[in-house]
Every structure is written in structure tokens, then in C-alpha cells.
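> mind folding the following:
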Amino acid sequence: MSQQDIVDRLIAGQGTLFSEGMGLDLTRDSAKDYFGWLVGCTLLASRISSGLAEQAGRALNDQGFLDPDRLAGAEYWDVVRCLNENGYARYDESTAGYIQETAKMALDRYDGDIRGMLDPDPDTVLDRLQQAKGVGKVGANIYAREAQIVWDVFYPRLDGPAAKEAEALGLTTDHGALASMAGSRERFTRLAAALTRAALDGPAPSVEDAT
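Numbering: from 1, shown residues only. Below you'll find the model as predicted:
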């Protein structure tokens, strides 16, 4: 089958954004969702499965802890308990401290709206994202992968495990060509998520049939 078939099947079968798995919608262009995704990237950057990270992110969201004001003002042990009950038994205390510090940083430096990190230079934005404790380079790149759905500075972006998986599946790694095959900015972002999921969990059966 063609590269176009593989792209279409990836998006259809594995194109759920990791932010969506946490109950966030970056296309709403809201300060809460952008902050929540930064917390989510702290979870995804830790040494735990992406599935458990999504589960923990959704649980934090359900408790209102993906809002910087709520998270900064929450009782530390309530945040620890939420993480502990959702797959973070080994990292619950340190991660709770990290994300509460991130909430305070976002409030102190950006009045709770991390769109204040935006700059025409993508590397500058990536550096600013790393002001969040526990995010690091890995988490900043994860943030950029999905923020590109609305943040022009990152689009089109395909790197890390997603780029390696594209090559493994016989796809071009030319961003412009992949964006053209995806057909829209949203679908390209979903393609990046799908390739990441394929890299982590293996390609979906429909994708394997197309390769």
C-alpha cells in the first residue's frame, strides 16, 4: 500500500492526542488547557508508561488539579493521593511537589497563562517550557508535539520516537510532505501522536496491514 494509506490508517487507528486522553482540548485556546498539558508532559516525561501517565493526568483533571490556582492551593497530600491511586505509587510524592511548583511558577511568572512563554524562536519556547520542574527536554518536546495544533511556532514538527517510527514504517520524514499527506494541521498533529503511540505500543493491526 502507499504512504498515504499508512498515514490515513495511523490517524484513524492511533491518532488520539495524549492531551485528549487527559481530558484536555488545546484547540479551545484556553490558559487552563495549556497549563494542564504542561502538567501532563511532566507525567509523560517520567519513568512510567504513557498509559498510566494519561490515567493520572485525567484523574488530576477530574479533581480540578490541572488548573494552576487550584493546584497551587491544593493540599500536598491530596495531590499525592490522586497520583498514588492512578499509577504513580513510586513517584507520587516527588511528582506532586514538581507539579505544585510548576503551578506556582506559572502564576508568578505568567499570571497563570503560559502563552506568555511564546516567542518567534521555537528553541526559546522550549527553554521556557523547561522552567517547569520535571519537564526537561523530553517533556518540552512532548509539549511542542501537540501544542503545534495551535501554536504556529512549532508547526510542522515531527521528532523523537515519532520520526523514528515514521522511518520504520516506510514513511518519508520530510515534514512538509507528511503535512501534505495528512491534509490539515490537526491531522498532522494527530499523525505525530499516532506515530508516537505506534513507537511506544506497536502499530495498530490496520497499520501493520498497510505496511
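> name the element the closest residue to residue 117 other than its chain neighbours belongs to?
Nearest non-adjacent residue to residue 117, counting by Cβ to Cβ, 6 or more residues apart in numbering: residue 128, 4.0 Å away. Any C-beta I mention is one placed from the backbone N, CA and C, and that applies to glycine too. Residue 128 is part of helix 122-129 when elements are defined by DSSP states H and E.
> and that helix, how far from the chain's centre?
15 Å (Cα atoms, centre = their mean, to the nearest Å).
> so what touches that helix?
By Cβ atoms under 8 Å, 6 or more residues apart in numbering, the surrounding residues in contact with helix 122-129 are 38, 41, 117-119, 135, 137, 139-141, 143-144, 151, 153-154.
> show me just the buried residues among those residues.
Listed as buried from the contacts of helix 122-129 are 38, 41, 117, 135, 139-141, 143-144, 151, 153-154; burial here means 16 or more other Cβ atoms under 10 Å.
> how far away is the closest residue to residue 39 other than its chain neighbours from residue 83?
Once flanking residues are discounted, residue 39 sits nearest to residue 99: 5.0 Å by Cβ to Cβ, 6+ apart. To residue 83, residue 99 is 9 Å away according to Cβ to Cβ, to the nearest Å.
> name the residues contacting each of the two.
Shared contacts of residue 99 and residue 83, defined by Cβ under 8 Å, 6+ apart, comprise residue 60.
> of the two, which one has the most company?
Neighbour count, other Cβ atoms under 10 Å: between residue 99 and residue 83, residue 99 has more, with 28 against 23.
> residue contacts, that one?
39, 42, 60, 65, 71, 79, 134.
> how about residue 198?
Under the criterion of Cβ under 8 Å, 6+ apart, the neighbours of residue 198 are 10, 14, 165, 169, 204, 207.
> switch to 10 Å and redo it
Residue 198 sits next to 10, 13-14, 161-162, 165-166, 168-169, 204, 207-208 when contact means Cβ atoms under 10 Å, 6 or more residues apart in numbering.
> same question, residue 31
Contact analysis of residue 31 by Cβ under 10 Å, 6+ apart lists 67-68, 106, 110-116.
> these in helices, which ones?
Those of these mapping onto helices are 68, 106, 110, per DSSP state H.
> the second one and residue 82, how far apart?
To tie it back to what came earlier, the one meant is residue 106. Counting by Cβ to Cβ, the gap from residue 106 to residue 82 is 19 Å.
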